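Participant: one predicted model, sequence on top.
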Amino acid sequence: MILMFFMPQFANAESLATRWTTIVWGFALLLGIDSLILGHLRKIRKGGAQSIHSWGLIIAFFATLLWGFFAWWKYGNPFAPQSSFLWMFRYVYLPLDATMFALLAFFIASAAYRAFRARSMESTLLLIAATIVMMGRVPLGGAVFVAFFVAFMLMIGTYMLYESTRYTGFDRFIRIIIGLLFIGVLIPLMNPSYAKSFANFIPGFADWVMQVPNTAGQRGIALGLLLGGIAFSLRVLFGIERGYLR
């Protein structure tokens, strides 16, 4: 498929490769179902308090499969408007799916708390980017950004002016100048029109962060995942990796 993308003369073979890919996907799905069922059957044989979850998975799997085949036979499509399978999908599966992702939000928040602490340059950049994106995505993000910017500049300026009292000579003069510069940046914000335009800056900047640096990082991660997937697929095809057989 990669060669077909760069070499138009192989375009006619794309449909053949797509059909073979569909066949491989079908067998891979059967292999995944086999591994899933056998793995949970082993857990049931071992017993224990967690075996009830394996029982629930196997029962739900076969019940959903048979229900879908019945709806397919009766209505021609499991997701037909009058199909009972569609009712199960809407009022059983989707609420369970939403509940699972709602529970994941607590783990994501815990991981974010540990990752966003400014312990290194990378975590600091992550914290700054996350703050910018969050401020740019909420309705009052611009006003919050202006307030945060004012508080930050005042804090740094006041700190530098306070530090200047501990020095003499040229070092004190430099710290006074830096402190006054940090505080002086806030003078234009006294103009309401300038403050409004400054508040409108953060949503556009958040969009730029999502579209340019975030997209570049996602593409790098996707390339790494694809290369890893290709390497793992070759290991499976050549019989090097046989963990799925256990």
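Facilitator: Thanks, I have the structure now.
Participant: so how far is the lengthiest helix in the chain from its chain's centroid?
Facilitator: Among the segments of the chain that qualify as a helix by DSSP state H, the longest is helix 14-46. Distance of helix 14-46 from the chain centroid (Cα atoms, centre = their mean, to the nearest Å) equals 26 Å.
Participant: what do you get for stretch 182-193?
Facilitator: 37 Å.
Participant: quick one: buried residues of the longest helix of the chain?
Facilitator: 40, 43-44 (16 or more other Cβ atoms under 10 Å). Any C-beta I mention is one placed from the backbone N, CA and C, and that applies to glycine too.
Participant: packing partners for that helix?
Facilitator: When contacts are defined as 3 or more Cβ pairs under 8 Å, 6 or more residues apart in numbering; DSSP states H and E, helix 14-46 sits against helix 51-75.
Participant: quick revisit: and which of the buried residues of helix 14-46 is nearest to W73?
Facilitator: W73 lies nearest to H40 out of the buried residues of helix 14-46, by Cβ to Cβ, at 27.4 Å.
Participant: distance-wise, check the closest one relative to M100.
Facilitator: 18 Å (Cβ to Cβ, to the nearest Å).
Participant: again, but for Y159
Facilitator: For Y159 relative to M100 (Cβ to Cβ), the value is 46 Å.
Participant: wait, what's in contact with the residue sitting furthest away from the middle of the chain?
Facilitator: Going by Cα atoms, centre = their mean, the residue of the chain most distant from its centre is G169, 52.0 Å out. Not one residue lies near G169 by Cβ atoms under 8 Å, 6 or more residues apart in numbering.
Participant: tell me if I'm right that F85 and A71 touch.
Facilitator: Yes. The criterion here is Cβ atoms under 8 Å, and F85 meets it with A71 at 3.7 Å.
Participant: show residues contacting stretch 220-227.
Facilitator: Contacts of stretch 220-227 (Cβ under 8 Å, 6+ apart): none.
Participant: kindly report the same for stretch 61-72.
Facilitator: With Cβ under 8 Å, 6+ apart as the criterion, stretch 61-72 contacts 36-37, 77-78, 80, 83-86, 88.
Participant: shaky segments in the protein?
Facilitator: Applying pLDDT under 70 to the chain flags the ranges 1, 11, 115-118, 243-246.
Participant: so G48, which of the three states?
Facilitator: coil (DSSP: H, G, I helix; E, B strand; the rest coil).
Participant: what is the burial count for A80?
Facilitator: When neighbours are counted by other Cβ atoms under 10 Å, A80 registers 14.
Participant: contacts only, for it.
Facilitator: 71, 86.
Participant: now it. Its backbone dihedrals?
Facilitator: phi -60, psi 150 (degrees, to the nearest 10).
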